[in-house]
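A.B. asks: The sequence isn't on hand, but the structure is:
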């Protein structure tokens, strides 16, 4: 290694302190792409210590898919322009880790490039969630969206997947609470273990207790053999308690005891069973109101509400109704082997004006009805369920961005024929491209132009193949 090159990078500041202050893997490379310094986060990612890595060619430490000859790194050295790119590394344990690389030139006091600073952000948990049916373009689940409220949900999910704390998911019926819970489970370290869903309002108290905690032979009439409960079967996995607000009070006591000790007695048993499971609970009710009415234990509420996620109703998800209509129509048309290209302006007016009290589940059912009835190439008003035809058109949204309102009206009223027949994915891709052109490729400015965070824009670039 060129000693002068090394010292020009490290002699101005205490580099170690700076690197350790960054909550991601970070490395300094000289112009020969050799490791000058790296922090403890990168040690954890790669499995190599700083002392082992110093002076070694960075590609031998990162072992990434960005090219054996370091083409991306050399391009940054040559152009002086930073890049952000998704890739992966193979660590010392031969495990592949998904990484977001940010590679920037490192300049000295006279603006001469003397090396690179490379930030490696572990996005494996994020990608696990992205790869579930929740985010797949051809998903049958319907938990899709581009609205700000749904972006907040999607960005929170990877964080919840990285912890083992209890989660309470709230939201109206049909918003997809069970699908969100399963996606969080799959993205967590428990993902290869069972995910078991129990509806707390679907069974009487005695049967629900047996279903959850099991029973021993002879404990009640009909108990002809021992039965393991769902808690035992979910060992190392996740128990999803949906409609937790309907759980009887005596069972709430037993659940609270389990959360305290991680052990329980099966019905009729005298030996405690210890298990390691994560609890995710969901309800469409307000548990705070249930507590005030004496129907739900306050101490159990606080034990379940360690992490909280609220799923917004569809009527509050600006723009998502059109997005979901197009998505489900594509999916159902293919399933029915029909060539339905879209909706007429008149039918779209009715569909976007409806409030969808049943949320995504109801929207999907409506589109399925339309797709089965329709014998034309487009969904028309006569193909809609009759109760939709009396739905009044909504007033303009208060505080809505004027330009966005004009765009929405032009699409609905047909004043912009070039966009009729395009689905939301095509329209969104066009928006992203236009924002990048307007900002000359500056992603931070493009994200601001679109009203998104940088993480959201980066994810959209991946979805639309624009990276």
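C.D. replies: Yes, it's here. Not measured: the values here are computed from a predicted model.

A.B. asks: got the residue ranges for the strands in the stretch 251-400 of the chain?
C.D. replies: 263-264, 273-274, 278-283, 307-311, 342-343, 378-379 (DSSP state E, counting those that start in this stretch).

A.B. asks: orientation of the fourth one relative to strand 278-283 in degrees?
C.D. replies: If I follow you right, that is strand 307-311. Angle, strand 307-311 to strand 278-283, by axes from the mean of the first three to the mean of the last three CA atoms, to 10 degrees: 40 degrees.

A.B. asks: quick revisit: can you redo the strands of the stretch 251-400 of the chain as a markdown table with distance to residue 256 and mean neighbour count?
C.D. replies: Bear in mind the C-beta positions are built from the backbone N, C-alpha and C, glycine included. Below are the strands of the stretch 251-400 of the chain laid out as a markdown table (distance: least, CB to CB, whole Å; neighbours: other CB atoms under 10 Å):
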| stretch | distance to residue 256 | mean neighbour count |
| --- | --- | --- |
| strand 263-264 | 11 | 16 |
| strand 273-274 | 16 | 14 |
| strand 278-283 | 11 | 25 |
| strand 307-311 | 18 | 17 |
| strand 342-343 | 50 | 23 |
| strand 378-379 | 50 | 21 |
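
A.B. asks: So for residue 235, which of those sits nearest?
C.D. replies: Smallest distance to residue 235 across those (CB to CB): 9.7 Å, for strand 273-274.

A.B. asks: Could you list the paired strands of that closest one along with their orientation?
C.D. replies: strand 263-264 (antiparallel) (DSSP bridges).

A.B. asks: ranges for the helices of the stretch 351-467 of the chain?
C.D. replies: 359-373, 402-413, 424-438, 443-450, 454-463 (DSSP state H, counting those that start in this stretch).

A.B. asks: Go through the ones you listed and find the least confident stretch.
C.D. replies: Confidence, taken as mean pLDDT, is least for helix 402-413 of the helices of the stretch 351-467 of the chain (a mean of 40).

A.B. asks: which one of the helices of the stretch 351-467 of the chain lies closest to residue 331?
C.D. replies: Taking the helices of the stretch 351-467 of the chain one by one with CB to CB, helix 359-373 is closest: 8.7 Å.

A.B. asks: what about that closest one, distance to the chain center?
C.D. replies: 24 Å (CA atoms, centre = their mean, to the nearest Å).

A.B. asks: And stretch 319-331, by the same measure?
C.D. replies: 19 Å.

A.B. asks: before we move on, what about stretch 274-290?
C.D. replies: For stretch 274-290, the distance to the chain centre is 20 Å (CA atoms, centre = their mean).

A.B. asks: List of residues touching it?
C.D. replies: 164, 166-173, 177-178, 181, 184-185, 188, 190, 231-232, 234-246, 259, 262-264, 296, 301, 304-305 (CB atoms under 8 Å, 6 or more residues apart in numbering).

A.B. asks: List only those of these flagged as buried.
C.D. replies: The neighbour-count criterion (16 or more other CB atoms under 10 Å) marks 166-172, 177-178, 181, 184-185, 188, 190, 231-232, 234, 237-246, 264, 296, 301, 304 among these as buried.

A.B. asks: In strands, which of those residues fall?
C.D. replies: 167-171, 238-242, 264 (DSSP state E).

A.B. asks: Please identify which pair of those lies farthest apart.
C.D. replies: Using CB to CB, these span at most 28.7 Å, a distance reached by 171 and 264.

A.B. asks: What about residue 260, how many residues nearby?
C.D. replies: Residue crowding around residue 260 was assessed by other CB atoms under 10 Å; the count is 10.

A.B. asks: Next: residue 306.
C.D. replies: Neighbour tally, residue 306, other CB under 10 Å: 14.
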